[in-house]
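Trainee: Got a predicted structure plus its sequence, pasted below:
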Amino acid sequence: MSPDGGPQTWRPTASVEALRRRAQILSRIRAFFERRGVLEVETPILSAAAVTDLHLTSVACTTAGGRRWLRTSPELAMKRLLAAGSGPIYEIAKAFRDGEAGRWHNPEFTILEWYRPGFDHHRLMDEMDELLGEVLGVGPAERTSYGTLFERDLGLDPHRATVERLRAVAAEHGLDVAGLEERDGWLQLLASHLLEPSLGRGRPTFVHGFPPAQAALARVRDGVAERFEVYVEGVELANGFHELTDPVEQRQRFTADLERRRTNGRPEVPVDARFLAALASGLPACAGVALGVDRLVMLALGASSIAEVTSFPSDRA
């Protein structure tokens, strides 16, 4: 086989009809936001900062201006626009996450993010519900809290259960991960293996009210992160927050992320100082959500692989 993978790898993996339907979905999304007065924006793909999240890996690049990273999301740059007075905005963006490849993943993917000043996460769930109805033709979503989901299906309170209790429930279901010690790690294991596959069957499921350790960039109130995730047919499709606007707490979270990266042997990365400066200047109270466009198109077309809805996945790029 030749270094480029063979004589036929020039061909796209998606059919022309699939690409046509993908374009129609993107047009429908843009029309949805235009009717609501939400401004489409574009933000840089290359950044001087990298993601601090322990579970994500930025792709590094060497440029004439120095070391840069391909964004894992347009979120921080979009929040800088919000702080500058943009009002409600959305972006259909290319994003990159190293090491993510498979049926539902490609290192380069398309993400839809939008931000609504004055909204909380519940109001943004209402709008997400409307968008999914228009694009997928599904009925109104089921909504449940993270705690209710664990109590209903696993018989435990995720906000209070000890590591020993979580480990025991995992063992009861045949799950065992050597070396997994963090409480949050056990919660995510139980959720991904025992809960998520059954969510969103027949209609979307919105799960909200996560443990503070899973807050990411969401506010925490009364011991619960004001965050939601969206599932359709067992697939995680979107992740939304009632956004954190406190620059001091945000800096503390970045610092905690970096410490966890050191503890886990992950590379040091630079924090986005311009984003922190934007927060200090005043980010309006808002809610935002990120939705995987490739997954959305897969669900709309009934595709079994991301390669069926993208022209050239990473192994043909």
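Mentor: Ah, there it is.

Trainee: pLDDT at P3, what is it?
Mentor: Looking at P3, its pLDDT reads 53.

Trainee: would R30 count as being in a helix?
Mentor: Yes. Counting by DSSP: H, G, I helix; E, B strand; the rest coil, R30 is part of a helix.

Trainee: So, low pLDDT: which residues of the stretch 151-300 of the chain?
Mentor: Residues of the stretch 151-300 of the chain that meet the criterion pLDDT under 70 are absent altogether.

Trainee: Would you map the strands across it?
Mentor: For the stretch 151-300 of the chain, the strands defined by DSSP state E, counting those that start in this stretch cover 205-210, 220-221, 224-232, 235-242, 286-292.

Trainee: strand partners of the last one, parallel vs antiparallel please.
Mentor: Within its sheet, and counting by DSSP bridges, strand 286-292 is paired with strand 108-117 (antiparallel), strand 235-242 (antiparallel).

Trainee: next one: the first one
Mentor: Strand pairing for strand 205-210, determined by DSSP bridges: strand 142-145 (parallel), strand 224-232 (antiparallel).

Trainee: Can you tell me which of these is nearest to G200?
Mentor: Across those, G200 has its closest neighbour in strand 224-232 (3.7 Å, C-beta to C-beta). Bear in mind the C-beta positions are built from the backbone N, C-alpha and C, glycine included.

Trainee: Now do that closest one: everything it contacts.
Mentor: Residues from elsewhere that reach strand 224-232, judged by C-beta atoms under 8 Å, 6 or more residues apart in numbering: 120-121, 124-125, 128, 132, 136, 138, 141, 159, 196, 199-200, 204-212, 214-216, 218-220, 236-242, 289, 291, 299.

Trainee: can you tell me how far the closest residue to E151 other than its chain neighbours sits from A225?
Mentor: Once flanking residues are discounted, E151 sits nearest to D157: 6.1 Å by C-beta to C-beta, 6 or more residues apart in numbering. Distance, D157 to A225, by C-beta to C-beta, to the nearest Å: 16 Å.

Trainee: more neighbours, these two?
Mentor: Just comparing D157 and A225: by other C-beta atoms under 10 Å the higher neighbour count belongs to A225, 24 against 11.

Trainee: and the residue nearest to that one when sequence neighbours are not counted, how many neighbours does it have?
Mentor: Among residues not flanking A225 along the chain, A215 sits closest, at 3.7 Å (C-beta to C-beta, 6+ apart). Counted with other C-beta under 10 Å, residues neighbouring A215 total 18.

Trainee: Can you show me the helices along the chain?
Mentor: Secondary structure of the chain, counting by DSSP state H: helices at 16-35, 75-83, 121-136, 146-154, 163-172, 183-190, 247-263, 273-282, 293-301.

Trainee: which stretch among those helices comes nearest L54?
Mentor: Set against L54 and scored by C-beta to C-beta, these come closest in helix 247-263, at 5.0 Å.

Trainee: Compute the inter-axis angle for that closest one and helix 273-282.
Mentor: Between helix 247-263 and helix 273-282, the angle comes out at 150 degrees (axes from the mean of the first three to the mean of the last three C-alpha atoms, to 10 degrees).

Trainee: CSV please, covering the strands of the stretch 151-300 of the chain and showing distance to G185.
Mentor: Converted to CSV, these look like this (distance: least, C-beta to C-beta, whole Å):
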stretch, distance to G185
strand 205-210, 14
strand 220-221, 19
strand 224-232, 16
strand 235-242, 17
strand 286-292, 22
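
Trainee: For S58, which of those strands is the nearest?
Mentor: Nearest of the strands of the stretch 151-300 of the chain (C-beta to C-beta): strand 286-292, 15.8 Å.

Trainee: Let me know the angle separating the closest one from helix 121-136.
Mentor: Using the same axes, to 10 degrees: strand 286-292 against helix 121-136 is 30 degrees.

Trainee: Name the surrounding residues that touch strand 286-292.
Mentor: Against strand 286-292 from outside (C-beta under 8 Å, 6+ apart): 73, 75, 78-79, 82, 109-121, 123-124, 128, 228, 230, 237-243, 245.

Trainee: Filter those down to the buried ones.
Mentor: Buried members of the contacts of strand 286-292, scored by 16 or more other C-beta atoms under 10 Å, are 73, 75, 78-79, 82, 109-117, 119-121, 124, 128, 228, 230, 237-243, 245.
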